[in-house]
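> following is a predicted model, sequence given first.
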Amino acid sequence: MSRILRIVRFFRAADPMPSWLVALTAAVAMYAAWIVAANPSGLDEALAMLLLWQMVCASTGFARHASAGHFDAALVRWPRMAVAAGHALHSIWLVAALWLLVAAIEAGRTGQVPVAFESGRLAAFVFVSVMSWALALPAGRLVTGSLWLALIVLAVTTRIGTDQYGAMLARSDGSPLQVMHGAALAMMCPFLMIGDHLPPRDAVAAALFSLSLGALTMAGGYIRGRDYPLEAAS
Amino acid sequence: MSLAFENVGAAYHRRTVFAGATFTMQPGTLMGLIGANGAGKTTLLRIAAGLIAPASGRVTASGRVMYFGGESTLPGQCRADEWAALFNAGSNTRARLGRLSRGTRQLFGLTVFLSNDVWDIGLLDEPWEGLDPNGSRWLAAALRRHRERGACVLISSHRLHDVADVCSAYTFLSAGALRVATAGDLARAGKAVDAADLARAFDALERQ
């Protein structure tokens, strides 16, 4: 574990979060904490905001820095899978800590198991964290978050397929087909898991956890398996 | 503390860069890597560092490897003191590395690299680039110190005077061909190896 923490420290130094992102994250943190502390019924609003922010923050990118040689010291010193784990942790820890903070505030107020740990919401957060990180690896910072948000906006504004999905989900029969469609919908728009919109909830959550695990494995393989020739420094 | 290349080959976009690289660096060896631009010096170093898989053959490193690819590989957004701390080296400079001049950044990167003894095999790509005369003298002295403690260092450079000054073995790369020579092979009677000897050996390889 101490090795992973050393790797996280390396990435924090070599690829620090831009100062504007730090400032905005602090604002998001304060607003989320205020919502939950002032009005526990606004919890889902705070969680949705953190989900959105994780799309942005976890999208750190890897290949561009690695091709410029910025990560050479880590790639030479530590096993590749440990580097992948350290980079993942470096990318997701901040908003994950905010998620825990919100859960702690809620638990302090209600004295019950926080809703932030409910399987559907947790699955959405894990899925967003892993996918934002993993899909950004071949690209640069913010790429996944930007594309994901654009996709959601496009789907909402054009309403492509939403009527069919709505009819499918309204049946609430829990069939494999419905779970598949629910998972597909949650993959595209994980915000649907904040609240109780998707009926086969546990099954969809399980699907998101499985997809996250698959994405983690593939992302680790990407970092482990590729070559790192030196290209034009950026 | 040794580094062994066994029939190592490299390819880039299916084009063979070099093939059949076979040599071993023993403890306490400073080896100069000399070749034309594009001959594969950086590729050979990155293969030795484990950053690129060889197209053929294998590299065996017994000991901890450290690699410095030059100032352009330092992350510009990183603060100098934070970077130094990662390698247990000290620095009072809080400026971001991207704000430093090229020569200062190169010297800083080398200082961090060479100020500790935790590594056994060093790989340096064009270490003299951007250094002023004082920096060059410091680098030569630091390399000699590491040689005395038994480390082996493979150094790519176009600066033949500097390479001749510190190295005792040489690898020449040209158009896919590779030749390894020791100082004893190249020295003319009674004289230490100098830049002219290295240039002559390189030219001879080029003509083959």
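Received, thanks. Quick caveat, the model's predicted, so the values are computed rather than measured.
> which residue does chain A have closest to chain B?
Residue nearest to chain B within chain A (C-beta to the nearest C-beta): residue A:69, separated by 2.9 Å. No exception for glycine: its C-beta is placed from N, CA and C like everyone else's.
> so residue A:61: helix, strand or coil?
Under DSSP: H, G, I helix; E, B strand; the rest coil, residue A:61 falls in the coil class.
> would you list the phi and psi of the nearest residue to residue B:46 once chain neighbours are set aside?
Distances taken as C-beta to C-beta, 6 or more residues apart in numbering or on different chains put residue B:52 closest to residue B:46, at 4.6 Å, once the chain neighbours are dropped. Backbone torsions of residue B:52, given as degrees, to the nearest 10, read phi -130, psi 140.
> show me what counts as buried in the helix or strand where residue A:153 lies.
Assigning secondary structure by DSSP states H and E places residue A:153 in helix A:143-158. Residues of helix A:143-158 classed as buried by neighbour count (16 or more other C-beta atoms under 10 Å in any protein chain shown): A:143-145, A:147-148, A:152, A:155.
> that one - what's its average pLDDT?
On average, the pLDDT along helix A:143-158 is 83.
> could you do stretch B:104-123 as well?
Averaging pLDDT residue by residue across stretch B:104-123 gives 94.
> gap between residue A:31 and residue A:117?
Separation of residue A:31 from residue A:117 (C-beta to C-beta, to the nearest Å): 21 Å.
> same question for residue A:217.
Counting by C-beta to C-beta - residue A:217 and residue A:117 are separated by 24 Å.
> now residue B:19
57 Å.
> these two: which is more packed in?
Relative neighbour count places residue B:19 above the other of residue B:19 and residue A:117, with 18 against 14, counting by other C-beta atoms under 10 Å in any protein chain shown.
> ok so, going back, between the buried residues of helix A:143-158, which sits nearest residue B:166?
Among the buried residues of helix A:143-158, residue A:143 lies closest to residue B:166 (C-beta to C-beta), at 44.3 Å.
> show the model's pLDDT score for residue 201.
Since you didn't name a chain, this refers to chain A. 80.
> wait, I meant chain B there
We have a pLDDT of 87 for residue B:201.
> with residue A:123 instead?
So residue A:123 comes in at 95 (pLDDT).
> within the helices and strands, which one has it?
Using DSSP H and E, residue A:123 falls in helix A:119-136.
> try residue B:23
With DSSP H and E as the test, residue B:23 turns up in strand B:15-25.
> other SSEs contacting that strand?
strand B:2-12, helix B:41-48, strand B:56-62, strand B:169-174, strand B:177-182 (3 or more C-beta pairs under 8 Å, 6 or more residues apart in numbering or on different chains; DSSP states H and E).
> hmm, the helix or strand just after that strand touching chain A?
Sequence order places strand B:30-35 as the next helix or strand after strand B:15-25, per DSSP H and E. No - Strand B:30-35 does not reach chain A (C-beta under 8 Å from any C-beta of the partner chain); its nearest approach is 14.9 Å.
> thinking again about what came up before, quick one: the strand holding residue B:23 to helix B:41-48, angle?
60 degrees (axes from the mean of the first three to the mean of the last three C-alpha atoms, to 10 degrees).
> what mean pLDDT does strand B:15-25 have?
According to the model, strand B:15-25 has a mean pLDDT of 91.
> export the lowest-mean-pLDDT helix or strand in chain B to CSV, keeping only CA atoms.
For chain B, counting by mean pLDDT, DSSP states H and E, helix B:183-186 ranks last in confidence among helices and strands (a mean of 83). Written as CSV, here are the backbone C-alpha positions of helix B:183-186 (Å, rounded to 0.1, in the frame of the first residue of the first chain):
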residue,chain,number,x,y,z
ALA,B,183,39.3,2.7,-24.6
GLY,B,184,42.1,0.2,-25.2
ASP,B,185,40.8,-0.7,-28.6
LEU,B,186,40.7,2.9,-29.8
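> tell me how far the residue in chain B positioned nearest to chain A lies from residue A:8.
Nearest to chain A, among the residues of chain B, is residue B:73, at 2.9 Å (C-beta to the nearest C-beta). According to C-beta to C-beta, residue B:73 stands 20 Å off from residue A:8.
> which residues touch residue 102?
Using chain A. A:32-33, A:36, A:43, A:46-47, A:50, A:114, A:116 (C-beta atoms under 8 Å, 6 or more residues apart in numbering or on different chains).
> ah, no, chain B please
Counting by C-beta under 8 Å, 6+ apart, residue B:102 makes contact with B:71, B:130.
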